[in-house]
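In: sequence and computational prediction follow.
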Amino acid sequence: MRIHFIAIGGSAMHNLAIALHNKGYEVTGSDDTIHNPSKSRLEAKGLLPVEFGWFPEKISQNLDAIILGMHAKKDNPELLKAQDLGLKIYSYPEFLYEQSKDKTRVVIGGSHGKTTITSMILHVMNYHDRDVDYMVGAQLEGFDTMVHLTKENEFIVLEGDEYLSSPIDRRPKFHLYKPNIALLSGIAWDHINVFPTFENYLEQFQVFTDSLTNGGIMVYNVEDEHVKMTVENSDHAIKRYPYSTPDFFIDNGTTYIDTPDGDMPLEIFGEHNLQNLAGAKWICQHMGIDEDDFYEAISSFKGASKRLEKIAENNHTVIFKDFAHSPSKVKATTEAVKKQYQNRELLACLELHTYSSLNGDFLQEYKGALDDADIAVVFYSPHAVKIKRLEKVTSEQIGEAFEREDLLIYTNPGEFQEFLFSQNFENKAILLMSSGNYGGLDFNHLRGKIGFY
């Protein structure tokens, strides 16, 4: 097949392009800008466009399909040409479904934990040499790409994102996969720019639950009231498998989980991660991995990239980087680090970077999110607010939303970095939560501050 990607440089898009190239497809693509690591990875496969921009002349009847990325606009010249020619245009999730119609589709959904649970499942499968197709939202240790597609594999594991499919398809991605086996980890309002009310957001998970094939399997976090209600109130003919946080304890900075063979130490920690583990166990068992084999494999799981990722540690300091930005993720991550390092002072730094987090009305959702931190810091860029064309957010609004009088708020990257680097790192746990980079924070310099290069 001849496939052309409009907006090939995105994280998900370039991985799909590489996966199809590896499968033997003829792949081309365009984009107006491509940054690393996408740029170097596409270049290594000979897929990097010769020049950046949109070129309608690339679009012809010789193409079997177009895959349209979210970065493109509705008036994209290549898209308009493809529509004029009547070519088949797929969104990213639509094409993944086309590639997996004859497979057992396992879809991991939820407002939080999707990437970690998908990563856990793939780690276990890889540990036991079980080859599966997959799409995951982070680069995993031991895996070359975030997307892997074959003709022969029985299972495909898909991270089910609730965000929109493409500029011309406003359906959430996870509505298009029609899972045979699914998981719901949690529901907490997000993507306020697309789902303006919580009720509207909640409805997307109801649609997802009802999109399972008849007789399909739904594994769900029974400790989340919205997940419980959504799954258990559905009239759809599915099998339901609830999970909850397993028994555990923390000893000398290590979390131990209760298993049939006794207490087992884990590389990961935090109640939210233990919930993720319980859900992953159910999924793996439905994919043919028995309980003992699951525990053997999961004991070596160190976490997904940027999800409570330990970036530096010495005898008296530990530094974590985490992708957390929504209120529920921020609260769970902060609480997890404090419980794991109870005898250390926790410095938690949150960057408000997304559309939702920079919305004045949505800010109220952050109430109490940083309560477990000994020192709580929020950084945001007024310039980012302006670029996103949002109403101005003030430091006073942020302070009131978090309901913490000693909250430190920075809007200048230099001042934030000066504060961070001037800290006494002795006996501290430092948590950096952001989907951005704090206006250009030098993480290597931070690592160097504790003698870790």
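Out: Everything's here; your move.

In: quick one: residue 74 and residue 167 touch, right?
Out: Yes: with contact defined as C-beta atoms under 8 Å, residue 74 reaches residue 167; the gap is 5.0 Å. From N, CA and C alone the C-beta is placed, and that goes for glycine too.

In: tell me how far the closest residue to residue 357 other than its chain neighbours lies from residue 149.
Out: Leaving aside its sequence neighbours, residue 357 sits nearest to residue 325 (C-beta to C-beta, 6 or more residues apart in numbering; 5.8 Å). Separation of residue 325 from residue 149 (C-beta to C-beta, to the nearest Å): 30 Å.

In: coming back round to it: between residue 74 and residue 167, which one's more packed in?
Out: residue 167 (19 against 10; other C-beta atoms under 10 Å).

In: quick check, residue 23 in contact with residue 152.
Out: No: taking contacts as C-beta under 8 Å, residue 23 lies outside contact range of residue 152: 11.1 Å.

In: name the residue in the two with the higher neighbour count.
Out: Comparing residue 23 with residue 152 by neighbour count (other C-beta under 10 Å), the higher total belongs to residue 23, at 14 against 7.

In: mind checking pLDDT for the more buried one?
Out: For residue 23, the model assigns a pLDDT of 93.

In: residue 8 versus that one, what's the distance?
Out: Taking C-beta to C-beta, one finds residue 23 at 16 Å from residue 8.

In: over to residue 92?
Out: Taking C-beta to C-beta, one finds residue 92 at 11 Å from residue 8.

In: shared neighbours, the two?
Out: Shared contacts of residue 92 and residue 8 (C-beta atoms under 8 Å, 6 or more residues apart in numbering): residue 69.

In: for residue 337, give me the pLDDT.
Out: pLDDT, residue 337: 95.

In: then residue 292?
Out: Taking residue 292 on its own, its pLDDT is 96.

In: so it is in contact with residue 261, correct?
Out: Yes: with contact defined as C-beta under 8 Å, residue 292 reaches residue 261; the gap is 7.2 Å.

In: gap between the residue nearest to the spatial centre of the chain and residue 76?
Out: Nearest to the mean C-alpha position of the chain, by C-alpha atoms, centre = their mean, lies residue 115 at 4.6 Å. Distance of residue 115 to residue 76, given as C-beta to C-beta: 28 Å.

In: what does residue 182 give?
Out: Remark: distance between residue 182 and residue 76 (C-beta to C-beta) = 33 Å.

In: doesn't residue 310 belong to a helix?
Out: No: counting by DSSP: H, G, I helix; E, B strand; the rest coil, one finds residue 310 to be strand, located in no helix.

In: going forward, begin numbering at 40 instead of 1
Out: Sure, I'll start counting at 40 from here, so that last one is residue 349.

In: that one pairs with what?
Out: Taking DSSP bridges as the rule, residue 349 bridges to residue 359.

In: what helix or strand does residue 159 sit in?
Out: Secondary-structure assignment from DSSP states H and E places residue 159 in helix 153-166.

In: ignore what I typed, I meant residue 374.
Out: Using DSSP H and E, residue 374 sits within helix 366-379.

In: and that helix, how far from the chain's centre?
Out: Offset of helix 366-379 from its chain centre (C-alpha atoms, centre = their mean, to the nearest Å): 16 Å.

In: burial measure for residue 193, as a count.
Out: By other C-beta under 10 Å, the residues close to residue 193 number 13.

In: same check on residue 306?
Out: Neighbour count for residue 306, taken as other C-beta under 10 Å: 14.

In: residue contacts, the closest residue to it other than its chain neighbours?
Out: Distance criterion C-beta to C-beta, 6+ apart; nearest residue to residue 306, sequence neighbours excluded, is residue 341 at 4.6 Å. Neighbouring residues of residue 341 by C-beta under 8 Å, 6+ apart: 180, 306-307.

In: and for residue 151?
Out: Contacts of residue 151 by C-beta under 8 Å, 6+ apart are 224-225, 227, 311, 365, 367-368, 371.

In: give me the buried entries from those.
Out: Neighbour-count burial (16 or more other C-beta atoms under 10 Å) is assigned, among those, to 224-225, 227, 311, 365, 367-368, 371.

In: any chance of those in CSV, plus distance to residue 432 and pLDDT?
Out: Formatted as CSV, the buried ones among the contacts of residue 151 follow (distance: C-beta to C-beta, whole Å; pLDDT from 0 to 100):
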residue, distance to residue 432, pLDDT
224, 29, 97
225, 26, 95
227, 21, 90
311, 27, 93
365, 16, 86
367, 20, 89
368, 20, 89
371, 24, 92
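
In: in the stretch 140-289 of the chain, which spans are strands?
Out: Shown for the stretch 140-289 of the chain, the strands assigned by DSSP state E, counting those that start in this stretch span residues 143-148, 172-174, 186-187, 194-199, 203-205, 208-211, 220-223, 256-260, 278-282, 287-290.

In: ok, which of those strands comes nearest residue 437?
Out: For these, the distance to residue 437 is smallest for strand 203-205, at 27.7 Å, taking C-beta to C-beta.

In: shared neighbours, residue 62 and residue 191?
Out: With C-beta under 8 Å, 6+ apart, residue 62 and residue 191 have no common neighbours.

In: keeping just the C-alphas, turn stretch 207-219 into PDB.
Out: C-alpha atoms of stretch 207-219 as PDB (Å, rounded to 0.1, in the frame of the first residue of the first chain):
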ATOM      1  CA  ILE A 207     -12.300  16.600  10.400                       C
ATOM      2  CA  ASP A 208     -13.400  13.800  12.900                       C
ATOM      3  CA  ARG A 209     -14.400  15.100  16.200                       C
ATOM      4  CA  ARG A 210     -15.000  11.700  17.800                       C
ATOM      5  CA  PRO A 211     -12.700  10.700  20.700                       C
ATOM      6  CA  LYS A 212     -10.100   8.300  19.600                       C
ATOM      7  CA  PHE A 213     -11.100   5.400  21.800                       C
ATOM      8  CA  HIS A 214     -14.600   5.400  20.400                       C
ATOM      9  CA  LEU A 215     -13.200   3.900  17.100                       C
ATOM     10  CA  TYR A 216     -11.400   0.800  18.400                       C
ATOM     11  CA  LYS A 217     -14.400  -1.500  19.200                       C
ATOM     12  CA  PRO A 218     -12.500  -3.500  21.900                       C
ATOM     13  CA  ASN A 219     -12.900  -7.100  22.600                       C
END
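
In: which parts of it are buried?
Out: Within stretch 207-219, the residues that count as buried by 16+ other C-beta under 10 Å are 208, 211-219.

In: now for those residues: which two are most distant?
Out: In the buried residues of stretch 207-219, two members sit farther apart than any others by C-beta to C-beta. They are 208 and 219, at 22.7 Å.

In: next SSE after the one helix or strand in the chain whose mean pLDDT sits lowest?
Out: Ranking every helix and strand in the chain by mean pLDDT, DSSP states H and E puts helix 421-426 at the bottom, with a mean of 71. Once helix 421-426 ends, the next helix or strand along the chain (criterion: DSSP H and E) is helix 434-441.

In: buried sites along that next one?
Out: Neighbour count says helix 434-441 has 437-438, 440-441 buried, by 16+ other C-beta under 10 Å.
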